[in-house]
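Undergrad: Predicted model follows, preceded by the sequence.
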Amino acid sequence: MFVLVDTTIWSRALRRRTATRSAVDTRLLDEWSTLVRKRRAALIGPIRQELLSGIRDASQFAVLRGHLGAFANVPIEDEDYVVAAELFNRCRSHGVSAASVDMLISAVAHRVEVFVFTTDVDFAHYGPHTAVRPHRPRVVAR
């Protein structure tokens, strides 16, 4: 089974230098590496778009686009947008602010019954209202 990896994790993996990584980053990126190696890391179009947005250099854009092309893309279905709106409304009715893309991620993850790997703290607030299942890195004995 694959894991839907959110932008926060991809950004850490693709943009941060090894020398500046904290222990938390190292643990998260070890888990990301394991998911990648086992071909379990997946994304959806809006995450791919977020990762590619803002890259000014065309050659860097092309390289990243090529790398991301190797990962499974979970298709978004029309009903996912309706469910995302319902989740957004449910969160709002409980006083939880929600981002539309986060609700789309939640709707897709729920439909395909996968975990979401993210460091976005907002997902902890969404959880009780969206049934999002967070992916937690394994604890590795060193």
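TA: Cool, the structure landed.
Undergrad: which ones are touching residue 125?
TA: Shown in contact with residue 125 (Cβ atoms under 8 Å, 6 or more residues apart in numbering): 91, 96. In this view, the C-beta of every residue, glycine as well, is placed from N, C-alpha and C.
Undergrad: Can you mark which positions in the one helix or strand in the chain whose mean pLDDT sits lowest are buried?
TA: Lowest by mean pLDDT, DSSP states H and E among the helices and strands of the chain is helix 7-15, with a mean of 88. Within helix 7-15, the residues that count as buried by 16 or more other Cβ atoms under 10 Å are 7, 8, 9, 10, 12, 13.
Undergrad: again, but for stretch 55-69
TA: Those would be 64, 68, for stretch 55-69 by 16+ other Cβ under 10 Å.
Undergrad: With stretch 38-52 instead?
TA: Residues of stretch 38-52 classed as buried: 40, 41, 42, 43, 44, 46, 47, 48, 50, 51 (neighbour count, 16+ other Cβ under 10 Å).
Undergrad: How far off centre is it?
TA: 7 Å (Cα atoms, centre = their mean, to the nearest Å).
Undergrad: what's the pLDDT at the residue lying closest to residue 96 once chain neighbours are set aside?
TA: Distances taken as Cβ to Cβ, 6 or more residues apart in numbering place residue 125 nearest to residue 96, at 5.0 Å, with adjacent residues excluded. With respect to pLDDT, residue 125 has a value of 94.
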